[in-house]
Each structure stands twice: as structure tokens, then as C-alpha cells.
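Asks: Quick one: sequence plus predicted model below, questions after.
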2 protein chains.
Amino acid sequence: MPRVAVEVSGSPYEIVVGPDMLRHVGPELRALGMGGRAAIVTHPDLPVVYHAAVHTSLEGAGFQAEMAFVPQGEESKSLAGLETLYHRFAAMRLDRCSTVVALGGGVIGDLAGFAAATYMRGVSLVQVPTTLLAQVDASVGGKTAIDLPVGKNLVGAFYQPRLVVADVDTLQSLPERERRSGLAEVVKYGMIADAGLFAALESDAEAIAAGDLGLLTPLVVRSCEIKADVVRQDPHERGLRAILNYGHTLGHALEAVLGFGVLPHGYAVAVGMSAAARLAVRLGLLDARDARRQDELLRRLGLPTLGLLNTAPGPDAWRSVAAPKTSPLGRPSAAALLEAMLLDKKSMGGHLRFVLARGVGAVEVREVAAADVVAVLEEGTV
Amino acid sequence: MPRVAVEVSGSPYEIVVGPDMLRHVGPELRALGMGGRAAIVTHPDLPVVYHAAVHTSLEGAGFQAEMAFVPQGEESKSLAGLETLYHRFAAMRLDRCSTVVALGGGVIGDLAGFAAATYMRGVSLVQVPTTLLAQVDASVGGKTAIDLPVGKNLVGAFYQPRLVVADVDTLQSLPERERRSGLAEVVKYGMIADAGLFAALESDAEAIAAGDLGLLTPLVVRSCEIKADVVRQDPHERGLRAILNYGHTLGHALEAVLGFGVLPHGYAVAVGMSAAARLAVRLGLLDARDARRQDELLRRLGLPTLGLLNTAPGPDAWRSVAAPKTSPLGRPSAAALLEAMLLDKKSMGGHLRFVLARGVGAVEVREVAAADVVAVLEEGTV
């Protein structure tokens, strides 16, 4: 089974990637000397066989395990969701030697992670991500958070898990839009650090987008390796780690302006990467052919590009990307996106910071003039 | 000006103790290279000259400072109080380079500290304690927390401040019961680590209890030195730091059973130290003369001892210790105290852990049988 070491000083841990791993959560933790009470934080809409596999595995390894359910959706990643978990932990009599197991996607990982980081000033945390996005991104690196009404992830902690268990079999039950959303982050890793990973995506884009597990597994492993390497060098995001935000400056702004949940996170990141590449071309940093190459890969993976922003938000253009039941109110204006970017916690002192590509596999962080950003947002599709 | 270094690995900082220090907060932070936006978290009932001194000092040093008021009282140390602060921080547009200044007692320090630890996953924190209890205990060591309805300090983080500024002049405006409450922690430092400090308290107990600043200042400095030394060795309470909980096992239980706020924290700790000494005598660890010596010092400082528990809670016996406007409902039963101790986050796996004295200036941590604890609680005054 591939194991990726995350060498964070003081609290190193491993990411285990493979099929049929849910049944191994208990033995893996036992091997780390863990035991006692365990709260499995998850949502009720996950396949019940996942709940049962992890619960049985923990009980079999000597834990006293109980489920702690939170409703599916970003709304749970709130102070209210946190309060629910704290009270559940107290009712379960978790103590400082207890463990929180986060079983689910990014919302579960972020919320349960922050609850574990702060309950009794920190209990053990284990991430068991069941979406591609969480396996390659959210569950690795120790970022935990909840949202405030004024901004996503505004409250949180850096808190490393004791172990990450990524069962690739869970990707089979994933809706197509969630798989594609995760693939956007894999494209990101290729762009920021690994031209070979990028080329691997290009070789089999359609089969990967269709969910071929044999192709997906090495992509998960390589993505985790890249993230682990960045996190090792900069666990608290004081410098280098910022490159992981490639595509996220505009991506987050787009999510905020449209309303979180309208566009899947990875779709917003795809649009953000497309815009960042155009911005890099405009600033003379990137060859226009590389920007087109990235857009082409995103399209083959079923992801949107900057062109989406310049499409009238009629039902046809947006139906393929927006969440069911949402009706985008209108094309997001450049002014609104700019305001949202300045509000982001990664902006400092009123400056816009972008991660910009110099080529496939190499990026740098730059302050960018608002005028250049607006020009790119308004220049239309290439 | 006395400066105590807290050599926590990765984030060392200083405690500055002296008169007229509020005016120096800005320059001290400037000297650390800090600047930008600052939120002064405080409560409206503090003397307005304190607010003005810190605000003016920060503005004079180039900060953009704004007040963030929270109501006085333990009720503010809650998820609701935290939410209020987060929204205030967002409205003030704090960013990751901003600073939270906690100006007040333990509630302000704990709440503002936890908010600073978690807002944007951590902004700079400066503690400016204005009570004796906060100066010698709460503001030093990086413990931050809020309460849940089911337990005090159940949610929190270890988060070290950039600087602690203890202005001893603020102790002049302190009500007598709050000063005495702080002195209980000074007695604790003497018992756990420094027979000389204990003897210094004995030399001038009455003048110290009356608030003589010349006598109090070196006690604050020495207390901070002892706590800094313990915290340096064990920042995350994995072992040694537990000795700081001398008197707190029963103390916390007593506060919980009576209802938080009925008995000042230090008074509860005094009763807890008195009980812990009796327990140590019973277990053959401590000479009975040392237990009596500790009780005698507590009495001279105006603090209660174990005898309080065996006093019928009529108005006379309790009026001197309980908060105004509260009427204790009855003598707390040993069973209720035992249950509360087992619920405490420092108990693990159903065992009672006590910090027990071997003499004045030396303690150890032991698991104690419930029967021995109950016997001490019921044996009556010595």
C-alpha cells in the first residue's frame, strides 16, 4: 500500500492510499499506540457501509467508537455545527486521550478537524477522506476551519492529524461533478510542481474524468506527495505554502460572489487557474501556449475555464457547472470579484497577491495591480 | 523594569512587570517589529483611563487601534462571546498581520486569546492583564479557552502571546476579593516550587492581603518566573505542567458544583489546596504541620480552607467568600464533588489525579482512590 510521509516537525504522520482501506483504520491506529474513545464524525448521507466499516474496524481494534453525525453541506462548517459537535463529544465523554475520526469530504474534515484541534485544547485527529478533493487536498496539511457569514474558512487552526487514510474505493460512489472538482486540484499540483503529473493527466484525461480507479490512484499518491513536501517546508503558511493557492485567489472570490455551493470548489479553482494563466501571460511571465494547454486540459477533464465568466448565465451555459437547484443571478462583475479578493484573508494591506505560473510545473507569488486583474476578467475568452 | 523570559520553543516571549506600563504597550510592540491593525479586547467596566492609555499608546506607535468590548463576566467566555468577537474582527478588517490586545482579567485573556488563536488560523496576541490572578497565572503560558454549558475551559487552544505586559498599578483598582483570589495562586507557586516565596508571603501576609504594591510587585515577578519555567519545559501539558493544577482538582469541582461565579476562582483553589494538603497527610506524603502551615497562611491572606465545606452554608459563614447577590443552595456533597472531578478534562479513564505536596516547595502528581478523597472531604476541619 503506498504510504506518503508528511514530515512536519514535531508531529510527523503518514498518508495511506489504497483500496479497501476503511477496514484498516482501526489496526492502523492501534499500530500507532492509539486507543480509548473515538468519535466518528461523518454525515448521514454517506453510504452506510462506510460508517459500518470504520466503526467495526475501530471496535475490533479495541476502541469504544460512536458516530457523531452532522448534516451534509457547507452549512455544517459553522459555529453552530461546531457547537453541535462539542456537545456530542461531551455527551460521549471524550477525554484528552480520545480520537476524532473525520469520515467524509472536505466539510467533514475541516469541521471535525477544528473541533478536534480545540476540544479540550486538542484531541487526536484522524482524517479518512472519501472524496477526491479531500484525498488530494483538504485532508493533508493540517488546515482546519469553519466559515463565518462574512467569509469562508475565516476561523480555524493549523492542526496535524495522526494519520490520513485515503480509501480510493470510496471514489467509486462519488458523483461525477465531485470527481471533476477534485481533478482541478490535481491539475493545480501539476502546474505548481510537476510537469510529469500534468502530462500524465493529458495522456488519459477522458478516462481519468470518467473515474478509472487504476489511473486515479497514482494521481492521488503523487498529489499527496507534492502537498506533503510543501507542508513540510512551511506548515504555517508563512511563505512557500502560498503556492498551494494557485487558482484560489479568484476561485474563492468567485465562490463568495456566486454564493458558496453554487459552483463546486474545484470548478471555481479551474476558472481561477485559467484566469491566473491569462494574467501571467499578460504580465509576460508565461507563454500563451502554456495557458492554452492548461485550458485544454481543464476542458478535457470537464472543468470550466475563464470563458465561463464571459458567458451570459443562461440556463444552458451554467447548467453543466452550477449545482442543481441553484440559479445563478447573473454574470459576476469584475468589481464584485475584486472586492471579494481584497476581503480574502490571504490579501494583506489592500494588495492583491496571485500565484502565477512561469510554465507548466513552476509558479511564483506576486503582487498584482488591480487594473491587470480587471483587464483579464473582462478580456473575454481566448 | 523586571522582564521575565518565557523560553517556549518556537515562540519565546517576555513578561514585562512594573508600574505605569499601560502607556508602554505600543512602544514595546513596535520594538518587536509589530504594527498594523490592533483590536483591544476589553470590557466596558474597566476604568476608562486604562482603555485610553492602551489605545493612545498603540496609536502613538503607529497602530490603527480600535476597541472591541465584551460584557464583564464568565458568560462572555462562551461560543456566543467568541462569535461576537469574530464578527467585530471582520468588521474591523483585521488581517493575518493584525494584533489582538487582551486588556482585562482572566475572562478577557482566555476569550480574546482563543479568538486570536483561531481567527484566520491565528493572529498576533498580546496579553495586558489587569487583575492579580491574570498577571500571575492566566496571561502566562499560552492556555486559552472558552466554556461550554457542560464544563469550564472545555474548548480552547495552546497559543502563546507575543508579549505580556503586567502593569501593577492596575492592581490598585482591584476589589479586595479579586486581590485575595490572585494571592491563592501565589501561595500555589510557593507550595509547588519555592519555599522562599512561601516564606515571603508569611512574612507580610496582612500587608500583602491589604494590597501593598511594593510587596506585591516582586511576588508577581517571582510567580511569573516559576510559571515560565514550568511552561518552558512542558508547553502542552503532557507532564510536568500538571503541577500548576495544585489545588485545582477540587477547586474546579467546587466551582462547578456551586455554579461558576459563586466562589471566586482563587477561593476555590484555596479550599482545593487545603484539601490536597489534608489528602497528602492522609497518604503519608506530607507532615501534618506543613498542612496546618498552609492553612494558616491562607487564613491570614483572607482565604478560605477546607473547613468552609464543613460549614453550614448560612449567610454568615458564606457571606465573606461568596459573590454578592448569590445565595449558595447548600453544602456541596462529597458525591457531587467527586462526580465533578471525574468529569474534569484533566481526569483520564475514570481515575482521579491529584497534585500532592511532599512539603512546602515540592509536589508530585498521583492517582488517588476515590475513597481517600471522600474521607478527606468528610473528615471536618482540623
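Replies: Structure received. Numbering: from 1, shown residues only, chains lettered A, B, ... in the order given.
Asks: Distance of the residue lying farthest from the centre of chain A relative to A:Leu263?
Replies: Largest separation from the mean C-alpha position in chain A: A:Gly62, at 31.6 Å (Cα atoms, centre = their mean). Remark: distance between A:Gly62 and A:Leu263 (Cβ to Cβ, to the nearest Å) = 44 Å. In this view, the C-beta of every residue, glycine as well, is placed from N, C-alpha and C.
Asks: Same question for A:Phe354.
Replies: Distance, A:Phe354 to A:Leu263, by Cβ to Cβ: 20 Å.
Asks: Name the residues that touch whichever strand or helix holds A:His51?
Replies: A:His51 is located in helix A:48-60, with elements delineated by DSSP states H and E. Here helix A:48-60 makes contact (Cβ atoms under 8 Å, 6 or more residues apart in numbering or on different chains) with A:22-27, A:29, A:38, A:40, A:42, A:65, A:67, A:101, A:103, A:128, A:130, A:170.
Asks: Any chance of a ChimeraX selection covering the buried ones in those?
Replies: Selection of buried members from these for ChimeraX, criterion 16 or more other Cβ atoms under 10 Å in any protein chain shown:
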select /A:22,24,25,26,29,38,40,42,65,67,101,103,128,130,170
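Asks: quick one: which of the contacts of helix A:48-60 sit in helices?
Replies: Applying DSSP state H to these, the entries found in helices are A:25-27, A:29.
Asks: Pick the one among those closest to chain B.
Replies: Within the ones in helices among the contacts of helix A:48-60, proximity to chain B (Cβ to the nearest Cβ) peaks at A:Leu29, which comes in at 17.2 Å.
Asks: The residue of the stretch 151-300 of chain A found nearest chain B and B:Ala38, how far apart?
Replies: Residue nearest to chain B within the stretch 151-300 of chain A (Cβ to the nearest Cβ): A:Gly156, separated by 4.6 Å. For A:Gly156, the distance to B:Ala38 (Cβ to Cβ) stands at 21 Å.
Asks: repeat for A:His265
Replies: 33 Å.
Asks: What values do phi and psi take at A:Ala362?
Replies: Dihedral pair for A:Ala362: phi -150, psi 130, per degrees, to the nearest 10.
Asks: repeat for A:Leu94
Replies: Main-chain dihedrals, A:Leu94, degrees, to the nearest 10: phi -60, psi 140.
Asks: Nearest residue to it in space, ignoring adjacent ones along the chain?
Replies: Closest residue in space to A:Leu94, ignoring its immediate chain neighbours: A:Arg37 at 5.4 Å, by Cβ to Cβ, 6 or more residues apart in numbering or on different chains.
Asks: and what of A:Phe260?
Replies: In space, A:Phe260 comes closest to A:Glu74 once its chain neighbours are excluded; the distance is 5.3 Å by Cβ to Cβ, 6+ apart.
Asks: Would you mind measuring from that neighbour to chain B?
Replies: Note on A:Glu74: its distance to chain B, by Cβ to the nearest Cβ, to the nearest Å, is 17 Å.
Asks: got a list of what that residue touches?
Replies: So A:Glu74 contacts A:107, A:147, A:260-261 (Cβ under 8 Å, 6+ apart).
Asks: if you set the cut-off to 10 Å instead, what comes out?
Replies: A:81, A:106-107, A:110-111, A:146-147, A:152, A:255, A:260-261, A:265 (Cβ atoms under 10 Å, 6 or more residues apart in numbering or on different chains).
Asks: Also A:Asp167?
Replies: A:16-25, A:50, A:53-54, A:103, A:128-130, A:135.
Asks: Count residues in the vicinity of the closest residue to A:Leu286 other than its chain neighbours, would you?
Replies: Closest residue to A:Leu286 apart from its sequence neighbours, by Cβ to Cβ, 6+ apart: A:Ala280 at 3.7 Å. A count of nearby residues for A:Ala280, using other Cβ atoms under 10 Å in any protein chain shown, gives 26.
Asks: again, but for A:His351
Replies: Neighbour count of A:His351, defined by other Cβ under 10 Å: 11.
Asks: For the stretch 151-300 of chain A, which segments count as strands?
Replies: A:151-158, A:163-167 (DSSP state E, counting those that start in this stretch).
Asks: a markdown table for these, including mean pLDDT?
Replies: Listed next are those as a markdown table, based on pLDDT from 0 to 100:
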| stretch | mean pLDDT |
| --- | --- |
| strand A:151-158 | 92 |
| strand A:163-167 | 98 |
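Asks: what's the most buried one of the ones you listed?
Replies: Most buried of the strands of the stretch 151-300 of chain A by mean neighbour count (mean count of other Cβ atoms under 10 Å in any protein chain shown) is strand A:163-167; its value is a mean of 25.
Asks: Give me the sheet partners of that strand and which way each runs.
Replies: Here strand A:163-167 has these sheet partners by DSSP bridges: strand A:13-18 (parallel), strand A:124-129 (parallel).
Asks: Chain B contacts on the stretch 101-250 of chain A?
Replies: By Cβ under 10 Å from any Cβ of the partner chain, the residues of the stretch 101-250 of chain A that approach chain B are A:114-115, A:117-123, A:142-146, A:148-151, A:153-159, A:236-238.
Asks: 8 Å instead?
Replies: Proximity of the stretch 101-250 of chain A to chain B is confined to A:114, A:117-122, A:143, A:145, A:148, A:150-151, A:154-158, A:236-237 under the rule Cβ under 8 Å from any Cβ of the partner chain.
Asks: burial count for the nearest residue to A:Tyr159 once chain neighbours are set aside?
Replies: Nearest-residue entry for A:Tyr159: A:Ala117, 3.5 Å, with adjacent residues in sequence omitted and distances by Cβ to Cβ, 6+ apart. Neighbours of A:Ala117 under the rule other Cβ under 10 Å: 26.
Asks: and if you look at A:Ala253?
Replies: By other Cβ under 10 Å, the residues close to A:Ala253 number 26.
Asks: Cool, thanks, talk later.
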